[in-house]
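[1] Next come a sequence and a model predicted from it.
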Amino acid sequence: MTGTSLTGKFRLAVIQLQVTGVKADNLSRARRLVKEAAGQGSRLVLLPECFNSPYGTSFFSTYAERIPGESTQVLSEAARENQVYLVGGSIPEEDDGKLYNSCTVFGPNGELILKHRKIHLFDIDIPGKIRFQESEILSPGNSLSMFDTAFCKVGVGICYDMRFAELAQLYSRKGCQLLVYPGAFNMTTGPAHWELLQRGRALDNQVYIATASPARDETASYVAWGHSAVVNPWGEVIAKAGAEEGIIYADIDLQYLAGVRQQIPITAQRRDDLYTVTSVQEGSS
Ligand SMILES: NC(=O)CCC(=O)C(=O)O
């Protein structure tokens, strides 16, 4: 279903969850915070990357689940009970002997409407700072992932996926007005790039961007930067968390987005005769 509400506005909530090693606690806290967000009028709620498990290659196989499974059952119920679109962050997914970093999205009836497997695995090596190799354990997804809501079309990426401008551009060209990235940047790249990337993706594509990080836990093996945020199509940060657990809210205004696109009409001005970004998955939606 496409289209917008009568006002062209809807409320988005981003949950910056404190993720612990106890899966049941992560699930119950996520469920409680989804309810709280819905109670504040949110129609779309976003959870962080790896919301049911500590983030780290040594944890993925232990916490991995099939989909559907325990964690996605909780997400489905939370979406249905609260009548929200729920972007369920991500979980380590096990399928056919492989592990993926997968985001599931549920509609207000609790039905699974999308599964996105992280396309770009987080493999970096910054000497003296951080080395992380998701590809030692995980397999990449191979699909773009978009879903329709009653308000607008939404594109999904997971964390490192945000570094790839082409993906965001394709989502925008396919009609997405909001891009969501569950993510877990770290204490090196977080302060340097997290907000910059979000503002860049928003400005380049004249879309809203929402990111959800786990809350910071200084005792964890991987310390997440936090600072979940929402950025508008003008490139302004309109909601931002600190390092701790909490919910941030933003009103997504599609008339405002249309106004920005009208004032600075880069889409119509693009020189498709000189350059283009194409998907090998034409028709994917
Ligand atoms: N979980 C991730 O993909 C982390 C990405 C990250 O920190 C980056 O700098 O990129």
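    Looks like it came in fine. Residues are numbered from 1 along each chain as shown.
[2] Pull the contacting residues for the residue in the stretch 1-150 of the chain positioned nearest to the ligand.
    The minimum distance from the stretch 1-150 of the chain to the ligand, using CB to the nearest ligand atom, falls at residue 122 (3.4 Å). Where C-beta positions appear, they are placed from N, C-alpha and C, glycine not excepted. Listed by CB atoms under 8 Å, 6 or more residues apart in numbering, the contact set of residue 122 reads 132, 134, 159, 160.
[3] Compile those residues into CSV and extend it with columns for distance to residue 149.
    Listed next are those as CSV, based on distance: CB to CB, whole Å:
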residue, distance to residue 149
132, 33
134, 29
159, 22
160, 25
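[4] who in the protein is up against the ligand?
    49, 122, 159, 160, 163, 184, 185, 186, 189, 193 (CB under 6 Å from any ligand atom).
[5] hmm, which of these are the buried ones?
    49, 122, 159, 160, 163, 184, 185, 186, 189 (16 or more other CB atoms under 10 Å).
[6] Please tell me how far the first one sits from residue 36.
    With distances taken as CB to CB, to the nearest Å, residue 49 is found 21 Å from residue 36.
[7] Would you map the helices across the stretch 1-150 of the chain?
    Applying DSSP state H, counting those that start in this stretch to the stretch 1-150 of the chain gives helices spanning 23-39, 57-63, 70-82.
[8] Where does the prediction get shaky in this protein?
    Along the chain, the parts satisfying pLDDT under 70 run over 1-6, 282-285.
[9] Identify the residue nearest the geometric centre of it.
    residue 181 (2.3 Å; CA atoms, centre = their mean).
[10] name the element that one belongs to?
    Assessed by DSSP states H and E, residue 181 sits inside strand 176-182.
[11] And the contacts of stretch 76-87?
    Here stretch 76-87 has contacts from 30-31, 34-35, 37-38, 42-47, 68, 75, 103, 105-112, 149, 154, 156, 180, 182, 212, using CB under 8 Å, 6+ apart.
[12] Separate out the buried members of those.
    The buried subset of these (16+ other CB under 10 Å) comprises 30-31, 34, 37-38, 42-47, 75, 103, 105-108, 110, 112, 149, 154, 156, 180, 182, 212.
[13] okay but residue 14 is in contact with residue 239, surely?
    Yes - the pair residue 14 / residue 239 is scored as a contact, 7.1 Å apart, by CB atoms under 8 Å.
[14] Dihedrals phi and psi, the residue of the stretch 1-150 of the chain closest to the ligand?
    Dihedral angles of residue 122 (phi, psi; degrees, to the nearest 10) stand at phi -80, psi 90.
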